[in-house]
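>>> Sequence below, structure please.
(2 chains)
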Amino acid sequence: MEKRVVIGDSIDFNGDIETTLSMSFLPLDIFDNWSRAGSLSDFIAEYFGSYFESGSSHNIISTVFNEFIENAVKFTKNNSQPIMLVVKKRRNTLLSRITNTLPVHRKTEFVRVCNDLYNEDLDELFLKRIEDGSEDKRKSGIGLILMKKDYQVMTNFDFYEDSNSSNNVAVTFKMDLE
Amino acid sequence: MKIKTDKYTIEYAKNDRIVKMEGTLRLQGKDEYRDIFELLTKAANDTTGLPLILDMRDLIFLNSSGISSLSLFIVNMRKLDKDITIRGNEAIPWQIKSLKNFKKLYGKVEIIFS
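Numbering: from 1, shown residues only, chains lettered A, B, ... in the order given. As a prediction, this is how the structure comes out:
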């Protein structure tokens, strides 16, 4: 497999940014208490929600971040190596990039899940994954399917090797809010 | 029959054919949803003739693992040809966006928003 694979939407992550929040956390802490993924998501929703007029923004922000944080934790290679999370705001848009390590054997299935998001009808893909009854969420990609299908979240997946030849994935996503 | 934690409550009222789900359901995976799945399956087995009612009006969050587990339950209901009604809350975004997926899995699912 190529060392660098980029899949998904083209997202401008740097232009006209009004404010930024950065943090890192250990996957170990989430595995120790899974509700911490929700706590982090609720915090981000609380922090950014007031920028948006719609009363539904808080719930939507928290829901979307929870899915991407859970996804990063489930795919990470080293539970003791921090996952980096950056959130940016541009007008009525929130952008985020979550970067984590990735075991070699997970890269293949994650790339397949990402390709499916862009090559398949998402309603049919959702039904297929449910009917398959996959026990492994990493293989099903249902969370990512729902984010794209039900929330119209734009996503970009950048698989790359760092200077230590470790596999990483940077997942960038963009959500429009009111 | 009730499953209660500091995050959520699932309560089955047999006489009313209602399973009420409240709070935040963001469990790690299908294994963690097993108890809830079994409660729902028991409720389905108890219910004949009239629809089983899933009351989600106070379910603020449900993660994708929860949607997957509930979807599998809906598929089982389809296999058993059982009727099911879902009560939703139009003020809760995930419900507006994602409850429709259950209807796509099984045409007999009725979704009533309030």
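
>>> For B:Gly29, give me phi and psi.
phi -170, psi -170 (degrees, to the nearest 10).

>>> element containing the nearest residue to it once chain neighbours are set aside?
Excluding its sequence neighbours, the residue lying closest to B:Gly29 (Cβ to Cβ, 6 or more residues apart in numbering or on different chains) is B:Ser65, at 5.2 Å. C-beta coordinates here come from the backbone N, C-alpha and C atoms, glycine included. Take DSSP states H and E as the rule and B:Ser65 turns out to sit in helix B:64-80.

>>> residues making contact with that helix?
A:67, A:70, A:130-131, A:133, A:137, A:140, A:142-143, A:146, B:25-30, B:32-33, B:36-37, B:40-41, B:44, B:52, B:62, B:84, B:98, B:101-102, B:105-106, B:108-109 (Cβ atoms under 8 Å, 6 or more residues apart in numbering or on different chains).

>>> PyMOL command to pick out the buried ones of those residues?
Listed next is the PyMOL selection for buried residues among these, using 16 or more other Cβ atoms under 10 Å in any protein chain shown:
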select buried, (chain A and resi 67+70+130+137+140+142+143+146) or (chain B and resi 25+26+27+28+29+30+33+36+37+40+44+52+62+84+98+101+102+105+106+109)
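
>>> Give me the pLDDT for the residue nearest to B:Gly29.
pLDDT, B:Ser65: 95.

>>> Relative to B:Lys104, how far out is it?
Using Cβ to Cβ, to the nearest Å, B:Ser65 is found at 19 Å from B:Lys104.

>>> ok, those two, which is more surrounded?
B:Ser65 (25 against 15; other Cβ atoms under 10 Å in any protein chain shown).

>>> rewinding a little: now for the helix or strand just after the helix holding B:Ser65, which elements pack on it?
As assigned by DSSP H and E, the chain's next helix or strand after helix B:64-80 is strand B:84-88. Contact partners of strand B:84-88 among helices and strands, from 3 or more Cβ pairs under 8 Å, 6 or more residues apart in numbering or on different chains; DSSP states H and E: strand B:52-62, strand B:109-113.

>>> right, and B:Leu54 touches B:Arg87 too?
Yes: contact criterion Cβ atoms under 8 Å: B:Leu54 and B:Arg87 qualify, at 7.0 Å.

>>> Tell me the secondary structure of the spatially most central residue of chain A, please.
Central residue check for chain A by Cα atoms, centre = their mean: the C-alpha nearest the mean position is that of A:Phe68, 3.1 Å away. Here A:Phe68 takes the helix state, with states given by DSSP: H, G, I helix; E, B strand; the rest coil.
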